[in-house]
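Asks: coordinates only, no sequence provided:
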Ligand SMILES: Nc1nc2c(ncn2[C@@H]2O[C@H](COP(=O)(O)OP(=O)(O)OP(=O)(O)O)[C@@H](O)[C@H]2O)c(=O)[nH]1
Ligand SMILES: [Mg+2]
């Protein structure tokens, strides 16, 4: 699963990309004139993994990850940059909104920037719909095919919504309709996290951001979240460790780095949850889309395990921690369940798959 960083030029995308992925790409106050693309992997901090790792003392501890792409900034009113496959392929968008004042760019206006970006996403989708509708019309005139007539009906409806400035995120589709338009990878349909990149001095007011910038209506939209970070301060936090970091965070009034929350928000935005596997060799979090069946979850560990799937031994994280990782005790308490291939794995469950490798 992949998240795409999007936003106006100089909003702090690359600074945030570095924080999310632990990279060290140069950031610049002034435009280098080069459009660069960076890709990386973000690790999702998870106190449950830390706890399990402390219990099982494995050789290796592995956190859930997702991919991140950082692209050049989108200029106001300039949609061309949106038409790249990196944006189109992203499963969700992380919109970095400049909320710090900058001499070169003036006062921050997060609400305006969010609305402007939404408009660009909507207009980009409208262009795609209009182009496709022209072709469909010509094709149907030549020869009437039912699938094309159906697709035309859906697109006409979407066109109306987009013209009314409604993002496709907010349009309810039947499963059939959703399937029919999946190939278009519409931008305004992707879940979006508007991440306000705050001035250091504003961290104390972070809890009232929505009210302060008048973002109530935006926050209530489907598939939309509002978050915040002060990227420049987080870069300093990331340089510190242990007690030094704790003291620095406490001075800012934070219990943990703000980037942790951004990472978990992105993970949730992508519709992902984690199940865990535990053992002497490895304690590991496995990201799966919410609603994944046990057999498919097994397949993320190894395709052979999915193929030879017999049963999943499943238990809850809280129950396992309560008995200090003693599975025998869980079994005695009846807290170790055996589930079949269609069982829907829930966030935080510990799974052990029984399988038969066969020939
Ligand atoms: N004051 C302040 N400056 C920031 C913050 N985040 C980033 N900057 C500065 O803003 C400038 C641009 O940051 P980048 O991360 O390169 O921004 P970008 O969005 O990737 O820029 P482009 O890729 O050129 O569009 C740099 O000088 C950063 O140091 C912040 O939270 N506060
Ligand atoms: Mg950049």
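Replies: Yes, it's here. Keep in mind it's a predicted model, so treat the numbers as computed, not measured. Numbering: from 1, shown residues only. Ligands and ions are numbered 1, 2, ... in the order given.

Asks: surely residue 274 is in a strand?
Replies: Yes - checked against DSSP: H, G, I helix; E, B strand; the rest coil, residue 274 lies within a strand.

Asks: who touches it in this structure?
Replies: 44, 46, 48, 64, 285, 286, 287, 288, 347, 348 (Cβ atoms under 8 Å, 6 or more residues apart in numbering). From N, CA and C alone the C-beta is placed, and that goes for glycine too.

Asks: who's the fifth one bridged to?
Replies: Here residue 285 shows beta-bridge partners residue 276, assigned using DSSP bridges.

Asks: do you know how far it is from ligand 1?
Replies: Between residue 285 and ligand 1 the computed distance is 28 Å (Cβ to the nearest ligand atom, to the nearest Å).

Asks: ok, the third one next?
Replies: Distance of residue 48 to ligand 1, computed by Cβ to the nearest ligand atom: 30 Å.

Asks: so which strand or helix has that residue?
Replies: helix 47-56 (DSSP states H and E).

Asks: circling back: just flag the most distant two among the contacts of residue 274.
Replies: 48 and 288 (15.0 Å; Cβ to Cβ).

Asks: which pLDDT value belongs to the closest residue to residue 36 other than its chain neighbours?
Replies: Spatial nearest neighbour of residue 36, chain neighbours left out: residue 72 (6.6 Å); criterion: Cβ to Cβ, 6 or more residues apart in numbering. The model reports residue 72 with a pLDDT of 73.

Asks: burial count for residue 72?
Replies: Residues near residue 72, counting by other Cβ atoms under 10 Å, number 17.

Asks: measure it to ligand 1 for me?
Replies: 6 Å.

Asks: contacting residues for the residue of the stretch 51-200 of the chain found nearest ligand 2?
Replies: Closest residue of the stretch 51-200 of the chain to ligand 2, Cβ to the ion: residue 70 (5.9 Å). Residues near residue 70 by Cβ under 8 Å, 6+ apart: 5, 13, 14, 17, 25, 37, 38, 39, 40.

Asks: rerun at 6 Å
Replies: 5, 13, 14, 17, 38 (Cβ atoms under 6 Å, 6 or more residues apart in numbering).

Asks: next one: residue 46
Replies: Counted by Cβ under 6 Å, 6+ apart, residue 46 has contacts residue 285.

Asks: can we see that at 10 Å?
Replies: 52, 63, 64, 260, 263, 264, 267, 274, 276, 285, 348 (Cβ atoms under 10 Å, 6 or more residues apart in numbering).

Asks: what do you get for residue 348?
Replies: Per Cβ under 10 Å, 6+ apart, neighbours of residue 348: 46, 48, 273, 274, 275, 276, 285, 316, 317, 318, 320.

Asks: need phi/psi at it.
Replies: Backbone torsions of residue 348, given as degrees, to the nearest 10, read phi 90, psi 0.

Asks: over to the one 5 residues further on?
Replies: Note on residue 353: its backbone torsions stand at phi -90, psi 130 [degrees, to the nearest 10].

Asks: in the sheet, who's paired with it?
Replies: Applying DSSP bridges, one finds that residue 353 bridges with residue 312.

Asks: would you confirm that residue 292 contacts residue 345?
Replies: Yes - contact status for residue 292 versus residue 345: in contact at 5.7 Å, counting by Cβ atoms under 10 Å.

Asks: shared neighbours, these two?
Replies: With Cβ under 10 Å, 6+ apart, residue 292 and residue 345 have common neighbours 273, 275, 286, 298, 300.

Asks: from ligand 2, how far off is the second one?
Replies: Applying Cβ to the ion, to the nearest Å, the value for residue 275 to ligand 2 is 35 Å.

Asks: against ligand 1, how distant is that residue?
Replies: 34 Å.

Asks: tell me the contacts of that residue?
Replies: 64, 284-288, 292, 294, 297, 300-301, 312, 314, 317, 345-351.

Asks: mind naming the longest helix for this structure?
Replies: helix 110-142 (DSSP state H).

Asks: could you pull out the buried residues of that one?
Replies: 110, 113-114, 117-126, 128-129, 132-133, 136 (16 or more other Cβ atoms under 10 Å).

Asks: ok so, going back, from the contacts of residue 274, keep the buried residues only.
Replies: 44, 46, 48, 64, 285, 286, 287, 288, 348.

Asks: which residues does the first one contact?
Replies: By Cβ under 10 Å, 6+ apart, the contact set of residue 44 is 20, 63-66, 260, 263-264, 266-268, 272, 274, 285, 287.

Asks: can you report phi and psi for it?
Replies: phi -90, psi 110.

Asks: pLDDT at it, what is it?
Replies: On the pLDDT scale, residue 44 gets 94.

Asks: for it, which non-adjacent residue is closest in space?
Replies: residue 64 (4.5 Å).

Asks: now the one you found: how far from residue 229?
Replies: 20 Å (Cβ to Cβ, to the nearest Å).

Asks: go on, residue 190?
Replies: 20 Å.

Asks: the two: who's more crowded?
Replies: Higher neighbour count among residue 190 and residue 229: residue 229, with 26 against 23, using other Cβ under 10 Å.

Asks: quick one: contacts for the residue nearest to the more buried one when sequence neighbours are not counted?
Replies: Closest residue in space to residue 229, ignoring its immediate chain neighbours: residue 258 at 4.7 Å, by Cβ to Cβ, 6+ apart. Counting by Cβ under 10 Å, 6+ apart, residue 258 makes contact with 19, 195, 198, 203, 206, 227-231, 233-234, 237, 249, 252.

Asks: check those and tell me the two furthest apart.
Replies: 195 and 249 (18.7 Å).

Asks: neighbour count for these two, which is higher?
Replies: Using other Cβ under 10 Å, the more surrounded residue of residue 195 and residue 249 is residue 195, with 28 against 17.
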